[in-house]
Structure formats: structure tokens, C-alpha cells
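A.B. asks: Starting from these lines, generate the structure:
(chains A and B)
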2 protein chains.
Amino acid sequence: MSSESDSSASTGAFRFAARTRHLQPSAIREILKVAEAPDVISFAGGLPAPDLFPVEAIASATASVLAQSGPVALQYGLSEGHLPLRAWIAEHLAETLGLVCRTDNLLVVQGSQQGLDLIAKVLIDPGDLILTENPAYLGALQAFRAYEAKVVGLRSDADGLLPEALADWLHAAPVRPKFLYLTPNFQNPTGTCLAEARRREVVAIAARHGVPILEDDPYGRLRYSGSPAPALATLPGAGPCLYLGTFSKVLAPGLRVAWIVTPDRTLHDKLVTAKQAADLHTSTFTQRVVTETVRVPGFLNDHVARLIAAYRIRRDAMLAALERHFPAGCTWTRPDGGLFLWVTVPGAIDTHAFLPTALAGKVAYVPGAPFWVDQPVRNTLRLNFSNASAERIEEGIGRLGSALRAALR
Amino acid sequence: MSSESDSSASTGAFRFAARTRHLQPSAIREILKVAEAPDVISFAGGLPAPDLFPVEAIASATASVLAQSGPVALQYGLSEGHLPLRAWIAEHLAETLGLVCRTDNLLVVQGSQQGLDLIAKVLIDPGDLILTENPAYLGALQAFRAYEAKVVGLRSDADGLLPEALADWLHAAPVRPKFLYLTPNFQNPTGTCLAEARRREVVAIAARHGVPILEDDPYGRLRYSGSPAPALATLPGAGPCLYLGTFSKVLAPGLRVAWIVTPDRTLHDKLVTAKQAADLHTSTFTQRVVTETVRVPGFLNDHVARLIAAYRIRRDAMLAALERHFPAGCTWTRPDGGLFLWVTVPGAIDTHAFLPTALAGKVAYVPGAPFWVDQPVRNTLRLNFSNASAERIEEGIGRLGSALRAALR
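C.D. replies: Numbering: from 1, shown residues only, chains lettered A, B, ... in the order given. Here you go, the predicted model:
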């Protein structure tokens, strides 16, 4: 700070004392920085392809927002979010998912991550138990743990959470968990989908045990193969579900516009209060830009179709390259959508320790360990396929395959 | 939610269980909704004048950001914030306040409110004591209390916090408070400024007792009379200070771009981690729009000069109207800047109970009670003068004066 304040030692050096329980910095954050070198082919980020962002549509929407309603688009707004945007989201959810909600049950947030943070802030007392699949979305683990929740990871496979793992845990549970957190569609990090039959079982088991569900659905519209499965919140017999959606993967993440659908008004009001204390409201400007962009009839469906066509090619390129270049003993998920796939390499390789070798070979990934809730399975890693061309994917997976082969020799 | 999930009663009705300690909703929020009726002249909001927003400058900056760097402006960004923006802020603080900081010590946040929230999240353990002036900024009280801090309001007058009140409290203090929170310039709600001599005393007392300072400075550049006083963080002998600044009052609040200057790197890193868990990062789009807007040489100084010229007229209009229309026994602050002034009416009037009467007379204000840390002084109220023309101010203060006279008759 100022040179004067650096001399505070003369008055007895002291510092801001942080709270006793510290937040854990993200392991991925540091990896992403290293992976940014221009000659590294990085499958580490969770990034949508920037060349596919609808820049012109957003530019035209922005110009129109500022020309038609500049002053109000730059003024403070409601903590709940811009009403026409909430109305659009409600209609969109009814249309695409059969999820019926009122604008009164919708809160606009600063990306899904803020949704997770506010939900945690409102619901979690220190020591509360949260159930989830395993491995699980790291950003959610961080958000829940920041409020001192104890997260329990339940056994999951290529079709998502195992209903019997949930039932067994709940049967033996010492206390009722606060909620069950799931990403049923193309989960981060594994890319797997919760199979439809399992969805029905999971909501029935959760309802029977009085456990509400937090359904996180950033990738649901990005399906490249297979048939869509119903949202948990829409299944018959489901108990209360919070549903998190976002424009980050279907429009652009830099806008930071997402939403929470809340099953009851009391909880909605608590979330609005928490949102207000957290940052008053999401940018009125970006909310209006999103509204103006998506309300052009057919725009979002057409844009999502373009994303699907492009990402399908990249997913297929990565699956083919893995077949071609990865050594025997490696297995991987075959996602029907989303941005990621998940690789298990031979047990001799700890993917965290191996990362510098991969980076020396000019390729990056995210080691799997931080995604595991408790005991990490150290021979796992996450690959992102949405943010590289098929050619770069072929080249990068080739590099990673060579490095793995060399290490296993 | 869906009609199906509403039938959850059949599986045994249950709900999300909120945490045991609840967040308190804002009293002001509800008042602002009522005050929105078109025939009401509202002095209730804390709103900058939207007709003075630099819409054209922002439109031109936005067009240029999207044309020149659309994809990267819409992609995920660093949790710390856009580096060129942090560089601009560092230069701006050095130039305007003599506050020297590195970009490494700057974190871009989603409005000052998020700065308060993240600082609270990182620093406050339940039961921690926070010292502040009294009355104090309500948004800060909410942010601190959400993390279960106990806030202590110290005696303050027309020149801000009384140094002897701070010294006496600290002398007798059972435990060291976590920090001292102050808005030294044109405080919300009172509009008062911490006098320069007091600034020196306050930082010396705080340093002597090992109490760090959180300096919140949203209004500092909006000075209409008098001479600027130095920032606390720049005073000789000051201990560690966190400094919060924002573009909300000098550019536009709807963009939600503000910043925290942190005195030490360890605390900065903790705040970055908290920011990442809270919402990953502030919108890359709005950050780049702000950067492009303010980096036009002379733009911000010229714009601030326009704001000062306009707001000075409004402040003067309100002071003159108060003299003209308010009954004997009322007193008010005479702010040298900012957006607010603070009125004390005769003790017979509880401004909360009186509000419906004022609204019936088609004028709105914010009752003072929620701004008081402990025991509210119920015959106080806050008036905003920045968001109404001199004519509307004359008319509105006339209405409020009549209503007060009638009540006192």
C-alpha cells in the first residue's frame, strides 16, 4: 500500500487477522496459469470455445440496450434480477425441460458459482452433511466447504450416482444430510449422465428420506448423442429441488448470468436477502444484454445447434485420438454431451506428479485428485474437448499419449 | 416448481432446512418498492442520477471492446480481475489519493457490497467484534452480521467518528476487535466527512491498539465544497488498511465494478480464493467496458466534474428547501459531497411510523432506525439529493415539510 503504511512496524507491526477456518485455494487455478504458455496444447480449462461466441448478436443486443434504455440499464436494479429476463427463463425452462416455475421463484445470480455460494450461505450450518456423487464438481465442493459443510461422496459409475449407494448411506445415516448435490447431465469432471432409470430411483430414495436435491445443470442443452433424460425437479414423486441453470455454456461465461429456481417462496426470499448482502444484484447491464440477445425468436436454439455441431466433432476427435494414441490400460468415459471426459490411466501413474512431464511435452490436463471428495484416486485426469480444434486435439492427445507411453515403459 | 414436485406431500412433505442463524432482510428494500409509484417524489433510494450516466461513452467503449476483442471479452477471466483495469486503478489511486499500490494488491469485485462480503467472509469468525461509526452504512452492517460479527457503533457527530470514543472503547476493550470500518468521505447515511485532524487521531489510536482499518470510499471524488482530506490508508503511522473503491458513483452502478486494495499479499490471496468460491470472477465484459471507457485521457475527470456541477446544485436546492419548508426543531447535516443528507426531526415523530403519512403525501425517504448499530434514534431519516432535479427537490421537500408540520400540530 502506501509507503507510509508500510512503516507500520514502527507502531508495532500487526496485520488483519484472518478467520480461524481458512478457505482452500483451488489446485486447478494454479495449473491453468502454467498451462497458458502459447506452445502448450491445453485440455485443462473448462472453457467453451471463444470462436463460437455469438459476438455479433451480443454486440447488436448491447447497442440496442444502450440506445433504447441506456440510463436504466446502467442504474441499480432489483436483487431478484431483471424481470423480463426472469420471465424469459421461466418460459425457456417450461419449453425445454417441462420445468414449470414462476418469475417469483427465480433469482438471477452472477454465474452458477454464485448460486452454489448463496445456497451454501443460506442453508449450511458448520458440520452439516452434503451428499454428492464422486468425483464431484470442484467449485461446488469449495463453495460448500467454505461454509464448513462436510461433503460425503457416494459411489458413482459411467451412468452417474449409484442409487443403491445413496439408499445404503441414507439407511445407515446418523443424521439427515442438508441436501443431495448432483449434476445429472454431462457432469464436471466425468462427462457422465445420470441414467433415466436411476434418476427416478434417486429422487424416490431422496424423497423417502426427506433429503432435498440441488440439481446443477450447466451443460444439459449441450447433448451430442443419445436421448435427453428428464430434469430431477420434474420427476413424479420428487421432493423439493433447487435447480441451477446458466447462460455461461450456451451464450458466454464472461457475462456471468445464471439463475436459481427455488421450490418454495420462503427459501427464495432468503436467497434474495443473501444475494443482496453479497453484491446487491447482478449487473443490470449484462442482464439486459442477455435478455435482448436471447429474445430474438429462434436465436438461442440456432446458436445451441451450432455449438452442438462443433463440439460433437471435437468430442469425436478426442475419443478417436484417445483410441489411437493412449497406451493399453487407459480407460475413459464416452460423454454424450458437455465439455469434459475423464480418463483413468494405469495405477503406476499419479497424474499430479506426472503433470510437469506432460507440460514438458507441451500438453496440459487437470489431475483428477481434487475432484474426489475424500480419498483421491490418483491415476485419474480430466480432459476438456470444447476449446481446441480437432487438429489440435489430435496433436495434443498424441503428445499426452507419447508421454504416458514413455512413463510406462 | 413443476406440478409433479408440488405433489411431494404424498411422499411426506419436507423442505430445505435453512441454517439456524438467519440473514436479516433489508428494511430499505421494502420501502424502495413502495416509493416507486410514479407520483411519489422519492428521496429514498441511494441512486446516482441516471440522466447523467455517460451512456454514449459506454456505448462507444462497448462497441470497441466487442469489435476488437469480442471472444476474450466474453470468456472466463482471472479471479483477480482484468489486469489492464487493475493497472488503471493503481495509477488512478496514486494520482488522485497518493495511495500507492501494486496490481498484485488489487482485486476487482462485483460492487463495493461484494468487497464488504468477501472481507467479512475471510476475516470474521462468529462473535468477532467490528467497530464502526454510528449511524453506519446499512449494507456493511448486513454483510458483517451475515457472518455473525457483533458490530459496535461508536459515537459520531457532524465531523464523523469521535476519536475519544474510539480511544475510550479500546482502552476498556475486553478483546481486540477484528477491524474498524469507516466511510470517511460523505458517509452513507449522514453525508458527513471525517475531519482531517480526526483522521490523524483515529489512525494513530487504531495503530496503537493493533486494530486494522477497513476504509470504504465510494463517494470521495464527489466533493462539492470544502477541501479534500487524505485517505486513512495514506496517513503517516497508519496500520494496515483495506481500501474499498468503486465505479458505481462516478460511472454507473449497473456495471457492478469495484475494487479492494489489500495491504498484504497473504490477505489478498485469501480474498482472491474467496472471490473464486463466490462467483469465479467479475464479468470480463463489464470490466473491459469500464477499462475502455475510463482509459480515454481526461474522460473520467471531465465526467466527474459534470457530476459535481449537477449534484452541487441539487444539494444546494435541498439545503435551501429544508430551510424554507421544514418546521422548527428539525436539524440536518450540510454535506460537502456524496449523495445523502441526514435529518433529525422533533422527538415526537418516529420516522418509521410516519412513513405511510409521507407516502400519502407523495414523498418518500428512508427512516433512520436501521442505520443505527444498536439502539435506534427513531426521529432520524435519510434524504438522497442526487436523483431528483432542483424543482422536484423543492416540491418534494415542500410536501415532506407540510406533512411534518401537520403531524406536529
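A.B. asks: what about A:Gln75, distance to B:Gly396?
C.D. replies: 19 Å (CB to CB, to the nearest Å). Bear in mind the C-beta positions are built from the backbone N, C-alpha and C, glycine included.
A.B. asks: go on, A:Phe14?
C.D. replies: From A:Phe14 to B:Gly396 the distance is 48 Å (CB to CB).
A.B. asks: Whatever helix or strand A:Leu93 lives in packs against which elements?
C.D. replies: Here A:Leu93, judged by DSSP states H and E, is contained in helix A:83-97. When contacts are defined as 3 or more CB pairs under 8 Å, 6 or more residues apart in numbering or on different chains; DSSP states H and E, helix A:83-97 packs onto strand A:106-109, strand A:241-246, strand A:258-261, helix A:284-294.
A.B. asks: hmm, try it at 7 Å
C.D. replies: strand A:106-109, helix A:284-294 (3 or more CB pairs under 7 Å, 6 or more residues apart in numbering or on different chains; DSSP states H and E).
A.B. asks: which residues make contact with the longest one from outside it?
C.D. replies: Contacts with helix A:284-294, where a contact means CB atoms under 7 Å, 6 or more residues apart in numbering or on different chains, come from A:57-58, A:61-62, A:64-65, A:73-75, A:77, A:81-82, A:84-85, A:88, A:108, A:247, A:251, A:255-257, A:299-300, B:254-255, B:283, B:285-286.
A.B. asks: Return that helix as PDB; C-alpha atoms alone will do.
C.D. replies: What follows is helix A:284-294, C-alpha atoms only, in PDB (Å, rounded to 0.1, in the frame of the first residue of the first chain):
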ATOM      1  CA  THR A 284     -28.300  -4.700 -14.800                       C
ATOM      2  CA  PHE A 285     -26.300  -4.100 -18.000                       C
ATOM      3  CA  THR A 286     -25.300  -7.700 -18.600                       C
ATOM      4  CA  GLN A 287     -28.800  -8.900 -17.700                       C
ATOM      5  CA  ARG A 288     -30.400  -6.700 -20.200                       C
ATOM      6  CA  VAL A 289     -27.800  -7.600 -22.900                       C
ATOM      7  CA  VAL A 290     -28.600 -11.300 -22.300                       C
ATOM      8  CA  THR A 291     -32.400 -10.600 -22.400                       C
ATOM      9  CA  GLU A 292     -32.000  -8.600 -25.600                       C
ATOM     10  CA  THR A 293     -29.800 -11.400 -27.200                       C
ATOM     11  CA  VAL A 294     -32.000 -14.400 -26.300                       C
END
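A.B. asks: what comes up buried for the helix or strand following that helix?
C.D. replies: Using DSSP H and E, the next helix or strand after helix A:284-294 towards the C-terminus is helix A:299-325. By neighbour count with 16 or more other CB atoms under 10 Å in any protein chain shown, helix A:299-325 contains the buried residues A:300, A:303-304, A:307-308, A:310-312, A:314-315, A:317-319, A:321-322, A:325.
A.B. asks: and which of the residues you listed is nearest to B:Asp157?
C.D. replies: Within these, the smallest distance to B:Asp157 is 56.5 Å, found for A:Leu300 (CB to CB).
A.B. asks: Grab the nearest non-local neighbour of that closest one.
C.D. replies: In space, A:Leu300 comes closest to A:Val294 once its chain neighbours are excluded; the distance is 5.0 Å by CB to CB, 6 or more residues apart in numbering or on different chains.
A.B. asks: what's the neighbour count on that neighbour?
C.D. replies: The local packing of A:Val294 (other CB atoms under 10 Å in any protein chain shown) involves 22 other residues.
A.B. asks: Show the pLDDT at it.
C.D. replies: Turning to A:Val294, the model gives it a pLDDT of 98.
A.B. asks: Between A:Gln75 and B:Gly396, tell me which one has more neighbours.
C.D. replies: Legend: neighbour count by other CB under 10 Å for A:Gln75 and B:Gly396, higher for B:Gly396 (26 against 20).
A.B. asks: so who does the more buried one touch?
C.D. replies: B:Ile41, B:Phe43, B:Val363, B:Ala388.
A.B. asks: now the helices and strands packed on helix A:83-97 in JSON lines, with distance to A:Glu201?
C.D. replies: Formatted as JSON lines, the helices and strands packed on helix A:83-97 follow (distance: least, CB to CB, whole Å):
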{"stretch": "strand A:106-109", "distance to A:Glu201": "29"}
{"stretch": "helix A:284-294", "distance to A:Glu201": "34"}
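A.B. asks: Name the residues of the stretch 151-300 of chain A found near chain B, please.
C.D. replies: Residues of the stretch 151-300 of chain A lying close to chain B (CB under 7 Å from any CB of the partner chain) are A:178-179, A:207-208, A:210, A:212, A:233-241, A:252-256, A:261, A:263-264, A:267, A:270, A:273-274, A:276-280, A:283-286.
A.B. asks: Return a PyMOL selection command for the buried portion of those.
C.D. replies: Applied in PyMOL, the following selects the buried portion of these according to 16+ other CB under 10 Å:
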select buried, chain A and resi 178+179+207+210+212+233+234+235+236+237+238+239+240+241+252+253+254+255+256+261+263+267+270+273+274+276+277+278+279+280+283+284+285+286
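A.B. asks: quick one: which of the residues of the stretch 151-300 of chain A next to chain B sit in strands?
C.D. replies: A:Phe179, A:Cys241, A:Val261 (DSSP state E).
A.B. asks: Find the nearest non-adjacent residue to the second one, please.
C.D. replies: The spatial neighbour of A:Cys241 that comes closest, neighbours along the chain excluded (CB to CB, 6+ apart), is A:Ala233 at 3.8 Å.
A.B. asks: I figured the one you found hits A:Asp216, correct?
C.D. replies: No. The pair A:Ala233 and A:Asp216 fails to qualify as a contact (CB atoms under 7 Å) at a distance of 11.5 Å.
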